[in-house]
Each structure stands twice: as structure tokens, then as C-alpha cells.
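K.L.:
give me coordinates for this.
(one chain, ligands or ions: 1)
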Amino acid sequence: MSYLQVSNLQVKAKNSDNIIIKDIDLSMNKGEILAILGASGSGKTTLLKSLSGLLARSKGNILLDGKEVIDPTKKLVAGNSDIALVHQDYALFPNSNIIENLKYPLRRTSKEYQEYRIKELLALCGLEDKKDKLPYQLSGGEKQRVAIACALANEPSLLLFDEPFSNLDPLLKHDFLNAFKEIFSKTNTTVIFVTHHVDEAMILADKIAMIREGEILQVGRPKELYDYPKHSYTAQFFGYTNILSAKESSLINKDGGYYAVRAEEIEYSPIQKEGFEETKLIRTDYLGLYSIHHLLKADIKLSVIDLKNEIEMKQEKIYVRIPEQNLKEVSID
Ligand SMILES: Nc1ncnc2c1ncn2[C@@H]1O[C@H](COP(=O)(O)OP(=O)(O)OP(=O)(O)O)[C@@H](O)[C@H]1O
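P.N.:
Sure thing, here's the model as predicted:
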């Protein structure tokens with residue numbers, strides 16, 4: 001049996017019949033990291049709050065380590081002591097130093113245990129030399145580590161994060177993501193975080209759940225979602241991707257259906273070659289590392305990534321070919 005089992009979860013907006021989360025099923029093993037990936041307004045925060053037991057659900061069950069996460073309408077105090085939810089703004093006490101911030105979640109334990117556990121948490125999160133500082137004296141990444149240390153203090157069964165990296169400097173983010181991963185692998189903590197950044201989900205997560213309009217479109221390992229997207233939305237969320245109809249495009253030789261092909265997986269040539277078809281170059285976006293050529297083939301738009309920046313922007317025609325193995329069949333609804 002899975003460590004976290006979510007079945008048929010439905011959440012409605014407060015005082016309305018508007019369904020925000022639509023019949024979601026999810027399962028996780030202990031120690032796994034799951035990213036809930038989706039655009040703004042797709043329902044990520046609502047799903048996270050519902051999983052934490054802070055938001056009422058209109059249908060469904062959440063089982064954590066075999067025990068039901070009780071709906072807040074069925075108990076006096078909302079929430080669950082086995083589940084820690086870390087907010088975007090870190091929620092630290094601004095006038096207390098790091099040690100005092102760490103003492104707060106441990107306030108119901110003995111002085112000796114507090115001392116022992118705080119030492120352990122400071123070492124785990126690489127904060128030993130910051131322990132006497134106030135939150136405003138720390139960088140965004142350091143504050144985030146203090147928030148993680150506070151959340152880990154009581155060894156929660158499940159740790160939930162809402163957009164944990166949104167306040168971090170993009171240049172430092174990748175180092176931080178790896179530090180984050182190391183902390184959770186050492187503690188074997190089960191983690192769910194929500195994000196709209198594909199790179200965060202790809203680097204950190206064991207599994208990604210792609211959410212759109214309150215529905216999970218696909219759950220799988222990062223490479224699985226990238227290589228085998230089931231839906232055109234998932235394919236396009238992971239990068240420049242063309243969605244082509246077999247009926248409408250002469251570039252694919254299939255009887256019917258819709259196919260995703262990544263912009264970097266289309267073969268191109270500035271000169272005519274056997275098996276290549278002529279397209280009209282509409283526009284080129286130069287992005288330094290690569291260029292994206294926007295093409296037209298009989299009224300059908302096509303994007304091609306040119307990794308070597310080798311095609312002249314003023315050229316009028318580009319010849320393309322789509323290798324059959326690069327086509328992924330997708331649904332489009
Ligand atoms: N209390 C509410 N009443 C009505 N609609 C709500 C309520 N809370 C959220 N919604 C709607 O539900 C949808 C999902 O909201 P949610 O905040 O979960 O999305 P999100 O994916 O976390 O977005 P973001 O990335 O912008 O934070 C949105 O369309 C939002 O407007």
C-alpha cells in the first residue's frame with residue numbers, strides 16, 4: 001500500500017458550487033518527492049491546502065501512512081500534526097534569532113531534547129554559522145533553509161511546500177535545489193511541492209503531477225513526462241513543441257490523430273535535400289544559445305530550434321523533415 005493515497009479528491013470553492021479540484025487520484029511512497037506542476041490558477045495551492053487537512057473537501061479520501069487525513073469540517077482545530085505546510089513567505093519570527101525560531105516548533109519538548117534537535121537541524125540544513133542571526137540578516141536561500149529546518153523539527157510524515165523557490169535568485173537556484181534534495185534524502189522525508197517552473201520539477205522531483213484546470217493530466221517520472229507526454233498541454237508545458245494533426249499536415253505520415261514533436265527534434269536544412277519539405281521562414285527569435293525559427297507550411301505553423309544558430313535570419317525558405325520516431329501521439333481536448 002502507498003504511503004500517501006489520495007482517492008477521488010474533489011474541492012469546491014467556499015460557499016459555491018464551483019469545482020476547483022476535480023476527482024484527483026495520487027499515490028506516493030515514503031521518501032518520495034512529488035512536484036505538482038501547473039500554470040497560474042490551475043489549482044495547485046488549493047490541492048496542497050486540501051492535502052494538508054486545512055481545506056474542506058467535497059468528496060474523496062486522503063490516507064497518510066494508513067491513517068485518514070481528517071477533513072477540517074470534522075474536527076475542532078483544522079490541520080494535522082503529522083503534516084507540515086511551508087508557505088512562500090517563510091513565516092519566521094522577525095525579531096527572534098534562528099535558534100529561537102527553531103525552538104518554537106519544539107516548545108512542547110524538554111530543554112535537553114530541544115538543544116540536541118536544534119544542533120542536529122542546524123547541521124542538516126547548513127546553518128551552524130547563522131544560528132545567532134535575525135531573519136533579516138539572511139539571504140532568501142538561507143531563510144528558506146530555516147523554514148525547512150522549522151518544518152522538519154518534529155519529523156513530519158509529510159512536508160508540503162507552496163512555490164518554495166519563487167523568492168530565490170535564479171543564479172543560486174540550481175545549487176539550492178540540490179541542497180534541498182540532499183536534506184530530504186538524508187531524512188527520508190516525503191515531500192510535495194507546487195511550482196510553475198519546469199526546471200524545478202525536473203531537477204528535484206522523483207515524480208511530477210501535471211495539473212490543468214483542477215485535473216491531473218499525467219503523473220510520472222520527469223523523463224517519462226518529457227519523453228511520453230499523453231496530452232498536448234503537457235508536451236507544450238515542457239518546452240517548444242509543435243502539435244500536428246495527421247489529417248492536416250503533410251509532414252507526418254499517419255492515418256489520424258494528433259502528434260507532438262519537439263522543436264529541437266525537427267531536422268532542418270537551409271538547402272533542399274531528399275525527403276525534406278519546403279517551408280516559409282516567418283520569423284527568427286535569437287536566444288543566444290539557440291534560435292527558434294517560426295515557419296509556415298501550407299498555413300500550418302511550425303517552430304524549429306536551431307541549436308547552432310546556423311540559419312540566416314533573412315533566408316526565406318527552410319527545408320524540414322520530421323523523423324517518425326520523434327512523433328508522440330497526444331490527446332488535445
Ligand atoms: N476561495 C475561493 N473562491 C473562489 N474561487 C477560488 C477560491 N480560491 C481559489 N479559487 C479559484 O480556484 C482556481 C485555483 O486557484 P489556486 O490558488 O489553487 O491556483 P494556483 O495554481 O495555486 O495559482 P497560482 O500559481 O497563481 O498561485 C483559481 O481559478 C482561483 O481563482
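
K.L.:
how many residues are close by Leu110?
P.N.:
No Leu there; residue 110 is Ser. 9 (other Cβ atoms under 10 Å). Backbone N, C-alpha and C define where each C-beta goes, glycine included.

K.L.:
now do the one 3 residues further on
P.N.:
For Tyr113, the count of nearby residues is 11 (other Cβ under 10 Å).

K.L.:
just the pLDDT for it.
P.N.:
For Tyr113, the pLDDT comes out at 94.

K.L.:
grab the nearest non-local neighbour of it.
P.N.:
Excluding the flanking residues, the one nearest Tyr113 by Cβ to Cβ, 6 or more residues apart in numbering is Leu106, at 7.2 Å.

K.L.:
cool, Gln5 as well?
P.N.:
Spatial nearest neighbour of Gln5, excluding adjacent residues (Cβ to Cβ, 6+ apart): Leu63 at 4.4 Å.

K.L.:
now for that neighbour: which residues touch it?
P.N.:
Residues near Leu63 by Cβ atoms under 8 Å, 6 or more residues apart in numbering: 4-7, 69.

K.L.:
weed out the non-buried ones from these.
P.N.:
4-6, 69 (16 or more other Cβ atoms under 10 Å).

K.L.:
which residues touch Lys133?
P.N.:
Going by Cβ under 8 Å, 6+ apart, Lys133 touches 97-98.

K.L.:
and what of the one 4 residues further on?
P.N.:
The neighbourhood of Gln137, defined by Cβ under 8 Å, 6+ apart, consists of Lys130.

K.L.:
check Pro156 too.
P.N.:
Residues near Pro156 by Cβ under 8 Å, 6+ apart: 82-84, 189.

K.L.:
now list the buried members of those residues.
P.N.:
Buried positions within those, assessed by neighbour count (16+ other Cβ under 10 Å), are 83-84, 189.

K.L.:
one step back: okay if I get the contacts of Pro156 as a markdown table plus secondary structure?
P.N.:
What follows is the contacts of Pro156, written out as a markdown table (DSSP: H, G, I helix; E, B strand; the rest coil):
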| residue | secondary structure |
| --- | --- |
| Asp82 | coil |
| Ile83 | strand |
| Ala84 | strand |
| Thr189 | coil |
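
K.L.:
and of those residues, the nearest to the ligand?
P.N.:
For these, the closest approach to the ligand (Cβ to the nearest ligand atom) belongs to Ile83, at 17.6 Å.

K.L.:
wait, that closest one sits on Leu158?
P.N.:
Yes - counting by Cβ atoms under 8 Å, Leu158 is a contact partner of Ile83 at 4.7 Å.

K.L.:
show me whatever sits in contact with both of the two.
P.N.:
Common neighbours of Ile83 and Leu158 (Cβ under 8 Å, 6+ apart) are 51, 64.

K.L.:
tell me the helices and strands packed up against the helix or strand bottoming out on mean pLDDT in the chain.
P.N.:
Ranked by mean pLDDT, DSSP states H and E, the weakest helix or strand in the chain is helix 170-187, scoring a mean of 83. The contact analysis (3 or more Cβ pairs under 8 Å, 6 or more residues apart in numbering; DSSP states H and E) places helix 170-187 against helix 111-124, helix 140-152, helix 198-204.
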